[in-house]
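Visitor: Pasted the sequence and its predicted model underneath.
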Amino acid sequence: MPVDPSLAEWVERFLPDRYQTNAPRSLSPLNGDAGFRCYFRVNCEPSLLAVSAPPEHENNKAFVDIALLLKRRGVHTPVIYAVDYQQGYLLLEDFGDQLLLPQLNSQSVEDLYQRAESVLLAIQQVPDAEAVIPHYDRHKLLDEMRLFPEWFAGQLLGLEISESEQQLLDQTFEQLLDSALSQPTVMVHRDFHSRNLMLLGNGDIGVIDFQDAVTGPLTYDLVSLLRDCYIRWPVADVSRWALNYYRRAVAAGIATPVSDKQFLRWFDLMGLQRHIKVLGIFARLFLRDGKVGYLNDLPLVIRYTLEQLDSYPELHNFKYWFEQRVLPAAHKQSWYQPWQQAGDSQRESL
């Protein structure tokens, strides 16, 4: 990835004095994320990150505002040393390369998830978040799920959705919306998973990619963490972790007590909303943006979707449709693998 000379010049102008060195300045490209941001490591001591985030595609003001909001609550977000909103340049603290994902295994997961959940509790207790960030309302949640028939079923699998099938989808989506909107409202990171959490040198968990935060359902970030699209854990463990978190949330005053059954229903149906959305997003990332790697993550997302549908009879019509129409079309794709084992090899290889 070539370095924009204007970014290099801007970094040289705004690099704090204490980071200056006698060595010639260089910017080394890093792997980016699913957005339009490009990251470069600056060879100062300690290193910093230079970010090119085109303002026509990225909301850099939201990134800065939310970073400061979270930092005041004790959440470790990158220190912002300089920002140019017009050009879309930022100079940030470098969290290093230790994403949470490769650190997770059967021995480490309990401790690391406990630490990540403590960070999530802090995020959910940010005061007056509604004044800074938008609400995750019915319209936004529904628009996300509509990515599934458009991009995954339609454009990736080549299915034509009939009028009766669309009615079934609409009914299913409404059920998921009703559940989501009945939950306590908190600040939602919106992508709180193992590729957006970093293990820092002092043992803290660093949080990145938070610029799309909203206020919304209590379980959204929790299900993003525990039913991560990039790694899967045993169902019994996930349920235990979810309920333990809920007890911590009640003790912190974030939520009022409900039955375990009710909370797990919220959690499961929120996961369905998210994974239906993610099927559409991963398909779009491949088809529109050429990011082929996301295809390999689709079988695990399919597994999450089908597993959660089992427990709720009112959603069995959607489950039957998914099995009869979607799975046969998916089976013809080069990325397909049997969904019943998806995610197992990732966990075992870590």
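Guide: Okay, I see it. Residues are numbered from 1 along each chain as shown.
Visitor: ranges for the helices of this protein?
Guide: Ranges of helices within the chain are 5-14, 60-72, 109-124, 138-145, 147, 163-181, 220-226, 235-251, 260-287, 298-309, 316-321, 327-331, 344-349, based on DSSP state H.
Visitor: Which of these has the lowest mean pLDDT?
Guide: Mean pLDDT is lowest for helix 344-349 out of those, coming in at a mean of 57.
Visitor: ok, back up a step: so which of the helices of the chain is the most packed in?
Guide: helix 220-226 (a mean of 25; mean count of other C-beta atoms under 10 Å). Using the backbone N, CA and C atoms, a C-beta is placed for each residue, glycine as well.
Visitor: For residue 101, give me its contacts.
Guide: Applying C-beta atoms under 8 Å, 6 or more residues apart in numbering to residue 101 gives the contacts 194, 195, 228, 230, 231, 350.
Visitor: measure the nearest residue to residue 182 once chain neighbours are set aside to residue 65 for me?
Guide: Excluding the flanking residues, the one nearest residue 182 by C-beta to C-beta, 6 or more residues apart in numbering is residue 266, at 7.5 Å. For residue 266, the distance to residue 65 (C-beta to C-beta, to the nearest Å) stands at 29 Å.
Visitor: same check, this time on residue 48
Guide: From residue 48 to residue 65 the distance is 21 Å (C-beta to C-beta).
Visitor: where does residue 297 land on pLDDT?
Guide: pLDDT, residue 297: 97.
Visitor: for residue 21, same thing?
Guide: 69.
Visitor: Now do the closest residue to residue 199 other than its chain neighbours: how many residues are near it, please.
Guide: Excluding the flanking residues, the one nearest residue 199 by C-beta to C-beta, 6+ apart is residue 98, at 4.4 Å. Counted with other C-beta atoms under 10 Å, residues neighbouring residue 98 total 14.
Visitor: Out of the contacts of residue 101, flag the one nearest to residue 211.
Guide: residue 195 (15.2 Å; C-beta to C-beta).
Visitor: Test my guess that that closest one contacts residue 225.
Guide: No - with contacts counted by C-beta atoms under 8 Å, residue 195 stays clear of residue 225, the gap being 11.1 Å.
Visitor: could I get stretch 147-157 in PDB with only the CA atoms?
Guide: Only the C-alpha atoms of stretch 147-157 are listed here, as PDB (Å, rounded to 0.1, in the frame of the first residue of the first chain):
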ATOM      1  CA  LEU A 147     -28.900  -6.600   3.700                       C
ATOM      2  CA  PHE A 148     -29.400 -10.400   4.000                       C
ATOM      3  CA  PRO A 149     -32.000 -10.800   1.200                       C
ATOM      4  CA  GLU A 150     -30.300  -8.200  -1.000                       C
ATOM      5  CA  TRP A 151     -26.600  -9.100  -0.700                       C
ATOM      6  CA  PHE A 152     -26.400 -12.700   0.700                       C
ATOM      7  CA  ALA A 153     -29.500 -14.500  -0.600                       C
ATOM      8  CA  GLY A 154     -29.900 -12.400  -3.800                       C
ATOM      9  CA  GLN A 155     -26.500 -11.300  -5.100                       C
ATOM     10  CA  LEU A 156     -24.200 -13.900  -3.600                       C
ATOM     11  CA  LEU A 157     -26.500 -17.000  -3.800                       C
END
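Visitor: what's in contact with it?
Guide: By C-beta under 8 Å, 6+ apart, stretch 147-157 touches 159-161, 166, 169, 276-277, 279-284, 286-287, 325-326, 329-330, 333.
Visitor: and if we set it to 10 Å?
Guide: Applying C-beta atoms under 10 Å, 6 or more residues apart in numbering, the set of residues contacting stretch 147-157 from outside is 159-161, 165-166, 169, 173, 275-288, 295, 298, 301-302, 305, 322, 325-333, 335.
Visitor: and it, which residues are buried?
Guide: Buried residues in stretch 147-157, defined by neighbour count with 16 or more other C-beta atoms under 10 Å: 147, 148, 149, 151, 152, 153, 155, 156, 157.
Visitor: Dump those residues into TSV; add distance to residue 29 as well.
Guide: Listed next are the buried residues of stretch 147-157 as TSV, based on distance: C-beta to C-beta, whole Å:
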residue	distance to residue 29
147	29
148	33
149	36
151	28
152	30
153	35
155	30
156	29
157	34
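Visitor: what sits against residue 294?
Guide: Here residue 294 is in contact with 34, 229, 278, 281, 282, 283, 284, 285, 286, 301, 335 (C-beta under 10 Å, 6+ apart).
Visitor: and if you look at residue 267?
Guide: 179, 183, 217-220, 222-223, 226-227, 238-239, 242-243, 245-246, 308.
Visitor: run the last query once more with 8 Å
Guide: Applying C-beta under 8 Å, 6+ apart, the residues near residue 267 are 219, 222, 223, 242.
Visitor: my guess is the last one meets residue 222, correct?
Guide: Read it as residue 242. Yes - counting by C-beta under 8 Å, residue 222 is a contact partner of residue 242 at 6.3 Å.
Visitor: Next up, the contacts around the closest residue to residue 147 other than its chain neighbours.
Guide: Spatial nearest neighbour of residue 147, excluding adjacent residues (C-beta to C-beta, 6+ apart): residue 280 at 2.7 Å. With contacts defined as C-beta under 8 Å, 6+ apart, residue 280 is in contact with 144, 145, 146, 147, 148, 149, 150, 151, 152.
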